[in-house]
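In: Prediction below, plus the sequence it came from.
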Amino acid sequence: MKNTTALVVGAGIVGLAVARALAVRGCKVTVLERHERAVGASIRNFGMVWPIGVPNGPLYERALRSRQIWQELIDVAGLWHDPSGSLHVAHADDEWAVLQQYAAANAQLRPCRLLDRDAALAKSPALVARALRGALFNADELVVDPRQAIRALPDVLHEQHGVQFHWRTPVTAVESGRVWSGSRLFEADQVFVCSGPEFEQLYPELYAAAPLTRCKLQMLRLAAQPSGFRLGAALCGGLSLVHYAGFREAADVAPLQARYQAEHGDLIELGIHVMAAQNGLGEITIGDSHAYAHTHDPFDEHTINQKVLDYLSRFMQVPDARIAQTWHGIYPKLLDGSSEFVAEPAPGVTIVNAIGGGGLGMTLSFGLAEELVDGRYTALRRAA
């Protein structure tokens, strides 16, 4: 890798991860980004590095390696972070049964443990006590502020590893060893295209044949909480138990899924499962919904946000529930069960997209990038 050159298209989390993996191995790296800074899905998420969202095996190992790299970068940049772990709460017998099954299946595989009602309330002062059965705590999860982190990482990569960034440089064409931004030509030994949901602008024929669509999700942020109030861990309600593959593999979620379909069919149809994470300012990010289509309307639906808030109130209460911001994000989503979209449309050109099948870029990108540049990459089953 030493004395080689590479161009990376895109400065979101995937592009930054690839740039880092190349640079630490001695490659001279240049990143081209169409905007003045990253403004896509990489800054529009919870900031959760979320190993519990992937099944055991190679994807879990990839997530743990990504977490390790995150910690290294956090230490260098002095970024705010919270190694809070995650807390998955049960307010019904069937939810508690799933958590018990998961804990039993993963007792020797993950740093998870069951908490009874009192222990769960001690772990998070935000939990609704009424009807609380207990919770599952997992220690792997790490929260960063994505808006701060994605803004800071280019400076870290430049200062520590000499990575060059060209902002406001939209890429209009790519071929082996060459990238154009209009009439401006960049040349390198390797090219990595990490263009996120704008994937069709380069190699449109390849993407037209690929099993890809786009996911739109709506999210909200609550005001900074008073008096230093902290959640204690990233929080998840029962709907997350039927959303993540790890729970489906370790527990019998079919009865729970059937009940949710009967009682919360509107939420299932909108792809809603509800989580909350708190940043260093005390603000709490909550969400989200999932809608799949190649083209999405640019408008957010207040009714969707209200459904998220209504479900959230079943398991979380905070001193200040005022809404400070709402937004939506869009990311690529694979439909064929693959763990990510990796393709080589020309010699020396690698496309990297739809990490974890879509939506797990913060959790898996750094580990995946190392596998790719080291020649250790193997496609896996989708993580969620």
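Out: Thanks, I have the structure now.
In: Could you pull up the residues touching Phe186?
Out: 7, 30, 32, 166, 178-180 (Cβ atoms under 8 Å, 6 or more residues apart in numbering). The way it works is simple: take the backbone N, C-alpha and C, and place the C-beta from them, glycine included.
In: In ChimeraX, select just the buried ones from those.
Out: To isolate the buried members of the contacts of Phe186 in ChimeraX, using 16 or more other Cβ atoms under 10 Å:
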select :7,30,32,166,178,179
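In: Can you pick out the most distant pair from the contacts of Phe186?
Out: Within these, His166 and Arg178 form the most distant pair, 14.9 Å apart (Cβ to Cβ).
In: just the helices in the stretch 101-250 of the chain please.
Out: Here the stretch 101-250 of the chain has its helices, by DSSP state H, counting those that start in this stretch, at 117-123, 146-161, 204-208, 245-250.
In: Need the ones you listed in CSV (columns: mean neighbour count and mean pLDDT).
Out: Compiled in CSV, the helices of the stretch 101-250 of the chain are given as follows (neighbours: other Cβ atoms under 10 Å; pLDDT from 0 to 100):
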stretch, mean neighbour count, mean pLDDT
helix 117-123, 16, 97
helix 146-161, 18, 97
helix 204-208, 13, 92
helix 245-250, 19, 82
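In: Just send those back as a markdown table, with distance to Ala276 too.
Out: Shown next, in a markdown table, are those (distance: least, Cβ to Cβ, whole Å):
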| stretch | distance to Ala276 |
| --- | --- |
| helix 117-123 | 14 |
| helix 146-161 | 15 |
| helix 204-208 | 34 |
| helix 245-250 | 18 |
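In: Of the ones you listed, which is nearest Gly85?
Out: helix 117-123 (8.9 Å).
In: what helices or strands is the closest one leaning on?
Out: Contact here means 3 or more Cβ pairs under 8 Å, 6 or more residues apart in numbering; DSSP states H and E; on that basis helix 117-123 packs against strand 86-90, strand 134-138.
In: Quick one: mean pLDDT for the helix or strand Val31 falls within?
Out: Taking DSSP states H and E as the criterion, Val31 maps to strand 28-32. When pLDDT is averaged over strand 28-32, the result is 98.
In: out of the helices of the stretch 101-250 of the chain, nearest to Ala131?
Out: Of these, nearest to Ala131 by Cβ to Cβ is helix 117-123, at 9.5 Å.
In: what mean pLDDT does the longest helix belonging to the chain have?
Out: Scanning the chain for the helix with the most residues, using DSSP state H, yields helix 58-77. Mean pLDDT, computed over helix 58-77, is 97.
In: following that helix, which helix or strand shows up next?
Out: Downstream of helix 58-77, the first helix or strand assigned by DSSP H and E is strand 81-82.
In: Tell me the strands beside that following strand, with direction?
Out: strand 142-144 (antiparallel) (DSSP bridges).
In: returning to what we had before: closest one of the contacts of Phe186 to Val274?
Out: For those, the nearest to Val274 is Leu32 (37.0 Å; Cβ to Cβ).
In: which residues does the closest one contact?
Out: Neighbour list for Leu32: 7-10, 166, 169, 171, 179, 181, 186 [criterion: Cβ under 8 Å, 6+ apart].
In: Which single one of those is nearest to Arg221?
Out: Closest to Arg221, out of all of the contacts of Leu32 and judged by Cβ to Cβ, is Gly10, at 25.0 Å.
In: Skipping its backbone neighbours, what lies nearest that closest one in space?
Out: Cys194 (3.9 Å; Cβ to Cβ, 6 or more residues apart in numbering).
In: neighbours around that neighbour, how many?
Out: Cys194 is flanked by 27 other residues according to other Cβ atoms under 10 Å.
In: Quick check: pLDDT value at it.
Out: For Cys194, the predicted pLDDT is 97.
In: just Gln261 next, same as before
Out: 95.
In: so it is in which element?
Out: helix 254-263.
In: Export only the CA atoms of that helix, formatted as PDB.
Out: Taking C-alpha atoms only, helix 254-263 is exported to PDB below (Å, rounded to 0.1, in the frame of the first residue of the first chain):
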ATOM      1  CA  ALA A 254     -42.800 -14.500  16.200                       C
ATOM      2  CA  PRO A 255     -45.500 -14.200  18.900                       C
ATOM      3  CA  LEU A 256     -44.300 -10.700  19.700                       C
ATOM      4  CA  GLN A 257     -44.300  -9.700  16.100                       C
ATOM      5  CA  ALA A 258     -47.900 -11.000  15.800                       C
ATOM      6  CA  ARG A 259     -49.000  -9.000  18.800                       C
ATOM      7  CA  TYR A 260     -47.400  -5.900  17.500                       C
ATOM      8  CA  GLN A 261     -49.000  -6.400  14.100                       C
ATOM      9  CA  ALA A 262     -52.400  -6.600  15.800                       C
ATOM     10  CA  GLU A 263     -52.000  -3.800  18.200                       C
END
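In: Can you list the neighbours in contact with that helix?
Out: Contacts of helix 254-263 (Cβ under 8 Å, 6+ apart): 94-95, 97-98, 238-239, 241-242, 267-268.
In: Now, of those, which are buried?
Out: Looks like those have 94-95, 97-98, 238-239, 241-242, 267-268 buried, using 16+ other Cβ under 10 Å.
In: now, among these, which is nearest to Glu344?
Out: Val242 (35.8 Å).
In: shouldn't that closest one be in contact with Cys236?
Out: No - at 11.3 Å, Val242 does not count as touching Cys236 under the criterion of Cβ atoms under 8 Å.
In: Find residues that contact each of the two.
Out: With Cβ under 8 Å, 6+ apart as the test, Val242 and Cys236 both reach His273.
In: end to end, how far does stretch 179-194 reach?
Out: By Cα to Cα, to the nearest Å, the extent of stretch 179-194 from end to end equals 13 Å.
In: same deal with stretch 16-30?
Out: Start-to-end, stretch 16-30 (Cα to Cα) is 11 Å.
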